[in-house]
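> Dropping a prediction and its sequence here:
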Amino acid sequence: MYSKKTLLSIGLVFLLSPARPQVGQIIWQDNFNNVDSGIWNTVVGNGCDDASGCGWGNHELEYYHENNVSVEPITGEQGNNALVIQAKKETMGSSQFTSAKLTSLNKMAIKYGVIEVRMKSPNIQTGLWPAIWLLGTNQSAVGWPKCGEIDMMEMGQSAAERSRQGFGSTPLNNYTGANLIWYTPEACSGTNASCAASIAYDTYYNQPYVSKTALNDRFVIYRMYWDDKSIRFTVEDNGSEHDLYTNPFPITSKESVFQQPFYFIMNLAVGGTFTDATSNSQVTAPLPAKMYIDYVRVRKWNGKGEVILPGQLMAHAGSDQTVDVGKSVVLDAGGSYGNISSYVWLENGVQIASGKTASLTLTAGTHLIDLIITDDKGNEATDQVSIQVGTSLVGEIIWQEDFNSFNSGIWNAINSNGCDGPSGCGFGNKELQHYNGTNNLSIEPISGETGNNALVIQAKKETVGANAFTSAKVTTENKLAVKYGMIEVRLKTPNLDKGLWPAVWLLGANYNSVGWPYCGEIDMMEMGQKQAERTRLGYGGAPINNFVGANLIWYTGDACTP
């Protein structure tokens, strides 16, 4: 729900598959027989007095007001009520529309579990934007997107966005999706100063649900399966559960923001850059319109799940860190929750710092640091963070090849154009060269580096057999294999222009028994990508010699198509 237009997709490799369900008991729920002000805040305003700015950072058109919240019986479900958020065509302040937004900020927070929401959307037509989402409880301390954002469901996407995802002809009311947003320096660019990464922008991984019948005016169930290792989004429609990502989202050290408590938000926005209505006249959705939330439930998932309610404390000592010797470490308890009066940091029972954040320098080695938070009634909560100082995570060199000579005991020099192998002529890629054994290999001194040599692979314009070019390829197949570790290659490429394709890559040692892609492929580096590929990745103007990438390839049934 925050400034989606400036987000950048970050590509990830997803190796997880949906876990076997381990859903535990309900640990908290709200069935909305009333609006519990001890849990829910009713937002008032148009965002102009909020850090996100007027229009809530998205140029939304509504004014949120408590009069647009009610509890009503659900038709056909005797004794069952729902929270109702209503959007209206009425003027309030400078806004021509009103609606409602509820949050649990500073009242209720969730960390892990199966979060489930049963809701019914109105006819959103053009201009309405229903959403169920969460923000990190440290939002006020670190701001967005560093606090993290979890969008369990959103509807109302613009026609351009639906087309970009491959569903341009899908009616607006049949389309719903989920998103995750977080801060990463890898996303920083001139057009994305917030450095926000968004999974919704990954069309290969993001998998919106497209229903055969309109989703409005009937109840569906949205779920998030969340623990410290992954997040999985689904929507259950007419008894069938559909995943909103191709695989659960893996939480690594880069996405550790999703290992803290989050607070809940429910709203029905009118207009904004997420939709096709950025002006009042573009809103065509029939108004008034009602969004119904039957319940919000939290269950244990894989043994994890916590709900922090008013009067309770949760300590969050931040993510584990690895830093170089001499570099300062920043301890950050901003994700802690509750009415906190003091923060104390200890190592081996001895206080080393105090305050919500603290900067200090630690000696080389592993440090286990405890955080104790206390409220004004003397209640305490604790958490622990691990700080690794130094380079001990990178161990000693266990093997290296400096190429002072060509060691045929380690390296195979390929002599083939692929026609005699399982991949076929051109090595499965319609390559034009004949790999010419050791004829195109040499060991040469590196200019300007006295005593340092390099393996040289040379491509030539010369005819061998049916091929008009020669080059070289070396492998360690059946001689040397690597499993884990930090693999490092120092290399220099020639001018690629059009047609050269340098690569350093690995195949599974079981290649001959299972074939490709079952064996797996690790492409540490590749250059020479065609113009269309550089354009697809958003770098159409990048010269070919300035562009390098990596890749992972593996077999999965999820990728099978005709």
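Received the coordinates, thanks.

> Helices of this structure, start to end?
In the chain, helices defined by DSSP state H lie at 139-142, 159-164, 511-514, 531-536, listed in chain order.

> closest to Gly378 out of the ones you listed?
Gly378 sits nearest to helix 139-142 of all these, at 23.5 Å, using Cβ to Cβ. (C-beta placed from N, C-alpha, C; glycine too.)

> Could you give the separation of that closest one from the chain centroid?
Helix 139-142 sits 20 Å away from the centroid of its parent chain (Cα atoms, centre = their mean, to the nearest Å).

> try stretch 306-314
On the basis of Cα atoms, centre = their mean, stretch 306-314 sits 27 Å off its chain's mean C-alpha point.

> circling back to that earlier point, make TSV out of the helices of the chain and add mean pLDDT and distance to Leu331.
Formatted as TSV, the helices of the chain follow (pLDDT from 0 to 100; distance: least, Cβ to Cβ, whole Å):
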stretch	mean pLDDT	distance to Leu331
helix 139-142	84	13
helix 159-164	94	40
helix 511-514	90	47
helix 531-536	91	42
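
> want to throw these into CSV with mean neighbour count and distance to Gly93?
As requested, the helices of the chain are arranged in CSV below (neighbours: other Cβ atoms under 10 Å; distance: least, Cβ to Cβ, whole Å):
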stretch, mean neighbour count, distance to Gly93
helix 139-142, 17, 25
helix 159-164, 16, 29
helix 511-514, 12, 66
helix 531-536, 12, 45
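
> Which of these sits closest to Leu552?
Shortest distance between Leu552 and the helices of the chain, using Cβ to Cβ, is found for helix 511-514: 15.4 Å.

> Residues in contact with the closest one: which ones?
With contacts defined as Cβ atoms under 8 Å, 6 or more residues apart in numbering, helix 511-514 is touched by 477, 508, 519.

> again with stretch 275-288
Taking Cβ under 8 Å, 6+ apart as the rule, stretch 275-288 contacts 59, 61, 86-89, 96-97, 122-129, 156-159, 269-272.

> for it, which positions count as buried?
Buried residues in stretch 275-288, defined by neighbour count with 16 or more other Cβ atoms under 10 Å: 275-278, 283, 285, 287.

> Among the residues you listed, which pair sits farthest apart?
Maximum distance among the buried residues of stretch 275-288 (Cβ to Cβ): 17.2 Å, for Thr278 and Leu287.

> Which pLDDT value belongs to the residue nearest to Asp375 when sequence neighbours are not counted?
Sequence neighbours aside, Asn339 is the residue nearest to Asp375 in space, at 4.9 Å (criterion: Cβ to Cβ, 6 or more residues apart in numbering). The confidence metric pLDDT takes the value 84 at Asn339.

> Then Leu8?
Each residue has a pLDDT score; the one for Leu8 is 46.

> how long is stretch 166-173 end to end?
16 Å (Cα to Cα, to the nearest Å).

> For the contacts of helix 511-514, give me a markdown table that also has distance to Ser70.
Formatted as a markdown table, the contacts of helix 511-514 follow (distance: Cβ to Cβ, whole Å):
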| residue | distance to Ser70 |
| --- | --- |
| Glu477 | 70 |
| Gly508 | 60 |
| Cys519 | 60 |
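
> Please pick the buried ones from these.
Applying 16+ other Cβ under 10 Å to the contacts of helix 511-514 flags 508, 519 as buried.

> Ala364: which of the contacts of helix 511-514 is nearest?
Nearest to Ala364 among the contacts of helix 511-514: Gly508, at 36.5 Å, using Cβ to Cβ.

> Report whether the expected contact of that closest one with Cys519 is present.
Yes - in this structure, Gly508 is within contact of Cys519 by Cβ atoms under 8 Å, at 3.4 Å.

> Grab the nearest non-local neighbour of Trp226.
The nearest residue in space to Trp226 (Cβ to Cβ, 6+ apart) is Tyr112, at 5.3 Å.

> Tell me how far that neighbour lies from Arg299.
Per Cβ to Cβ, to the nearest Å, Tyr112 is found 10 Å from Arg299.

> follow-up on the earlier one: JSON lines for the helices of the chain, including distance to Ala82?
Putting the helices of the chain into JSON lines (distance: least, Cβ to Cβ, whole Å) gives the following:
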{"stretch": "helix 139-142", "distance to Ala82": "28"}
{"stretch": "helix 159-164", "distance to Ala82": "28"}
{"stretch": "helix 511-514", "distance to Ala82": "53"}
{"stretch": "helix 531-536", "distance to Ala82": "44"}
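
> right, and these - which one's nearest His316?
With Cβ to Cβ as the criterion, His316 lies closest to helix 139-142 of the helices of the chain, at 10.9 Å.

> contact partners of that closest one?
By Cβ under 8 Å, 6+ apart, the residues outside helix 139-142 that reach it are 136, 147, 332, 334, 356.

> Give me the subset of those that lies in strands.
Using DSSP state E, the subset of those located in strands is 136, 332.

> Just give the closest residue to Val69, not the sequence neighbours.
Ala100 (4.6 Å).

> typo on my end, it should be Ser256
Nearest residue to Ser256, sequence neighbours excluded (Cβ to Cβ, 6+ apart): Ser319, at 3.6 Å.

> Alright, I will stop here.
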